[in-house]
Structure formats: structure tokens, C-alpha cells
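Student: A structural model of the following input is requested.
(chains A and B)
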Amino acid sequence: QQQVKQSPQSLIVQKGGISIINCAYENTAFDYFPWYQQFPGKGPALLIAIRPDVSEKKEGRFTISFNKSAKQFSLHIMDSQPGDSATYFCAASGIQGAQKLVFGQGTRLTINP
Amino acid sequence: GAVVSQHPSRVICKSGTSVKIECRSLDFQATTMFWYRQFPKKSLMLMATSNEGSKATYEQGVEKDKFLINHASLTLSTLTVTSAHPEDSSFYICSASGRAGEQYFGPGTRLTVT
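Tutor: Numbers count the residues shown, from 1 in each chain, chains lettered A, B, ... in the order given. Predicted coordinates:
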């Protein structure tokens, strides 16, 4: 119930293409869904986050799509660039106070030039 | 804004010694900080949740006497790895929680125990 399942494990996309990473959760008490980007040897950086009162959130080239009934959410990276090559983690938590994040397994994204 | 720092970024210590890692929220007050451990090519594993002025809450399987956590102020939490052994070698990352509950991560500390 506490798991967040992320797919694919790795993804290769051509420069300019759309990268799509998917996550699914079971716990309906989750109501905060962030995505993190991590480069090798660095800490994760908060990329974009969504709460279940909206179905989509866009920030620049990054978009989260959220399907509450299916308990799924996804990250779309438009016009993918080589600099986007990193590991991406989805996560979920409650918003009552500072609750711990449950992370997905991570997706290693490679953008080919 | 929302900058979290960690010190040191890398540390090498001998087996049996202790090492302290600091985590600071630089531009906001964090009532809650979290400590994670990350193995190569793996996801983050939560070790403990640290609330300012109170004892840390450890995740199952994490030895509280080995990984000492202190959260003395709203901007500083420390993790001390006591009597370190080679199997404690890992990437340790802290995060600090903002008012809205979002978490901002530090840059991580690479611990190598020889």
C-alpha cells in the first residue's frame, strides 16, 4: 500500500523528442506527488509537483499528468535535451505536516544528441 | 530559495571511527528534516525523520545507536555514524521540509569507510 511503482527503469529518447515516465500508487491517502531529478553524485532536485485537485500541471518543458481514479501520474518532458539526461524519481506523500516521501524506483533517462 | 547544504561533501574515515554529517537549511526554517541513504543506481532509502527539539523517528531496520541524529535548531540537523564499518560506506542525503510540506534535498555526502 505504501509503494510507488515507477516505469520504465531506463529510457532512451532522441533529442527533441518527448520523454514519458509513469508512476502508480495504491495509498489513496497520498495527496502530494513530486518529481525529482538527480544527476550522478548530486542530491535530488525538486522538478515539479502536483496535488490531486488538478489533472495537469505544466512548468516550462515539464508537465505532470495526474489521473486520480486510476491512481497514476506521469512526467512528460517536451523537446528533450541532452542536458535532461539524469535519473528521475517520482514520489508521493500526504500533506498534513511534513510527511515522509515514498519514492519510486527511478528512471534513468538518456537523451541522444 | 529553498537551499539545503550538507557538509562535508565527501569523507573518508577509518573503520571504528565516527563521522558527523551536517545538514542545513540556508534560507528557510525546517521543522522537519529527513535523512536518506542511497546505494549506487538505487532509489533513496529513508533512514529517519528528525523534528526540531525532539528525538528522531527511525525507519524499521535502521540502528538508532549507530546512526545518531540531532536536530538542535530549525536550520541544522546532524547525522553521526558511530563506529563506522565498510558496509556503512554510502551516499547520505538529507532533506528539509518547507511550510507546504515539500522537501528540498541537500547535495549529499559520500562516505567511504576504509
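Student: what bridges to the spatially most central residue of chain B?
Tutor: For chain B, residue B:35 is the residue whose C-alpha lies nearest the centre (Cα atoms, centre = their mean; 3.8 Å). Judged by DSSP bridges, the bridge partners of residue B:35 are residue B:48, residue B:94.
Student: got a list of what it touches?
Tutor: Contacts for residue B:35 (Cβ atoms under 8 Å, 6 or more residues apart in numbering or on different chains) come out as B:23, B:46, B:47, B:48, B:50, B:67, B:69, B:77, B:79, B:92, B:93, B:94. C-beta here means a position set from N, CA and C on the backbone, and glycine is covered the same way.
Student: now do the SS call for the second one.
Tutor: Going by DSSP: H, G, I helix; E, B strand; the rest coil, the secondary structure assigned to residue B:46 is strand.
Student: right, and it touches residue B:36 too?
Tutor: Yes: between residue B:46 and residue B:36 there is a contact under Cβ atoms under 8 Å: 5.6 Å.
Student: the more surrounded of these two?
Tutor: Ranked by neighbour count (other Cβ atoms under 10 Å in any protein chain shown), residue B:46 and residue B:36 place residue B:36 first, with 26 against 18.
Student: hang on, that one packs against residue B:49?
Tutor: No: with contact defined as Cβ under 8 Å, residue B:36 does not reach residue B:49; the gap is 10.6 Å.
Student: low pLDDT regions in chain A?
Tutor: Applying pLDDT under 70 to chain A picks out residues A:1, A:95-98.
Student: what parts of it come near chain B?
Tutor: Proximity of chain A to chain B, by Cβ under 8 Å from any Cβ of the partner chain, involves residues A:32, A:34, A:36, A:41-46, A:49, A:89, A:93, A:95-101, A:103-106, A:108.
Student: whichever of those end up buried, select them in PyMOL.
Tutor: One line in PyMOL is enough to select the buried ones among the residues of chain A next to chain B; burial here means 16 or more other Cβ atoms under 10 Å in any protein chain shown:
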select buried, chain A and resi 32+34+36+42+43+44+46+49+89+93+98+99+100+101+103+104+106
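Student: next step: the residues of chain A next to chain B restricted to strands.
Tutor: A:34, A:36, A:45, A:46, A:49, A:89, A:103, A:108 (DSSP state E).
Student: host element of the residue lying closest to residue A:7 once chain neighbours are set aside?
Tutor: Using Cβ to Cβ, 6 or more residues apart in numbering or on different chains and skipping residues adjacent in sequence, the residue nearest residue A:7 is residue A:22, 5.4 Å away. Using DSSP states H and E, residue A:22 sits in strand A:19-25.
Student: if I look at the residue of chain B most remote from its centre, how far off is residue B:46?
Tutor: The C-alpha centroid of chain B is most remote from residue B:100, which lies 21.0 Å away (Cα atoms, centre = their mean). Per Cβ to Cβ, to the nearest Å, residue B:100 is found 20 Å from residue B:46.
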